[in-house]
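1. 3D, please:
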Amino acid sequence: MLGGTFDPVHLGHLRSAVELREALALDRVHLVPAATPPLRGEPRVAPTDRLALLRLGIGDTPGLVADPRELERDGPSYSADTLASLREELGFDARLVMALGHDAFLRLADWHEPERLFELAHVVVIDRPDHQAALPDALVELLAGREVEDSEALMARPAGRLLRLRLPSRMAISATEVRRRLMAGFSVRYLLPEAVESHILSWGLYRHG
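-> Below you'll find the model as predicted:
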């Protein structure tokens, strides 16, 4: 599971999902747009538009799935609830992974029911090579005894472990910058999949702040 606002989905999101699937030999990666992310601002466009853009971006890419379950649920988009839903579908023995970026990882102890995340899944941090800052005390406590060194150790159990993973293509694309460029009328070519760019421009999405 790779969650986010996907506001809008860009090539960095999609390339990370492909490389995550390859690195961990996953059957599939569910990209899950958040309806109302508790620790972030309100997304700029409607959930239905973000989901449509995600589906266009994925296209026929093998192993990537646009998963609308958080958009179909009332209330805040808690990852623990999403993982519980996936666990119920996939069964107790399935290896379930929640991937997140380094900035989100640093706030993990502040998430809703952080211990429950590890009861339901493994956590994989897509690491930044330039980030060596010390972890907050609450996060160190949460992670105690959970970290493993490689994917084999991670997949030895269905849930409960943490792996830091550096992906080959660290594409420094920011959705904030994409939105800024769209509002200013600047080009977003090669930042977004062509189908996503075309849909955004055709429908005038992100034109206004």
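2. send the alpha carbons of the helix or strand of the chain with the lowest mean pLDDT over as PDB?
-> Comparing every helix and strand of the chain by mean pLDDT, DSSP states H and E singles out helix 102-106 as the least confident one, with a mean of 89. The C-alpha atoms that make up helix 102-106 are tabulated as PDB, following Å, rounded to 0.1, in the frame of the first residue of the first chain:
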ATOM      1  CA  HIS A 102      10.900   9.900   4.900                       C
ATOM      2  CA  ASP A 103       9.000  13.100   5.900                       C
ATOM      3  CA  ALA A 104       5.800  11.100   6.700                       C
ATOM      4  CA  PHE A 105       7.900   8.500   8.600                       C
ATOM      5  CA  LEU A 106       9.300  11.200  11.000                       C
END
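3. just checking, next helix/strand downstream of it?
-> Using DSSP states H and E, the helix or strand that directly follows helix 102-106 along the chain is helix 114-120.
4. going toward the C-terminus from that next one, what's the next helix or strand?
-> With elements assigned by DSSP H and E, the helix or strand that comes after helix 114-120 is strand 122-126.
5. how far does that following strand sit from the chain's center?
-> On the basis of CA atoms, centre = their mean, to the nearest Å, strand 122-126 sits 10 Å off its chain's mean C-alpha point.
6. likewise stretch 55-65?
-> The chain centre lies 15 Å from the centre of stretch 55-65; the measure is CA atoms, centre = their mean.
7. what residues of that stretch count as buried?
-> With burial defined by 16 or more other CB atoms under 10 Å, the residues of stretch 55-65 counted as buried are 55-58, 64-65. Glycine gets a C-beta too; all of them are placed from N, C-alpha and C.
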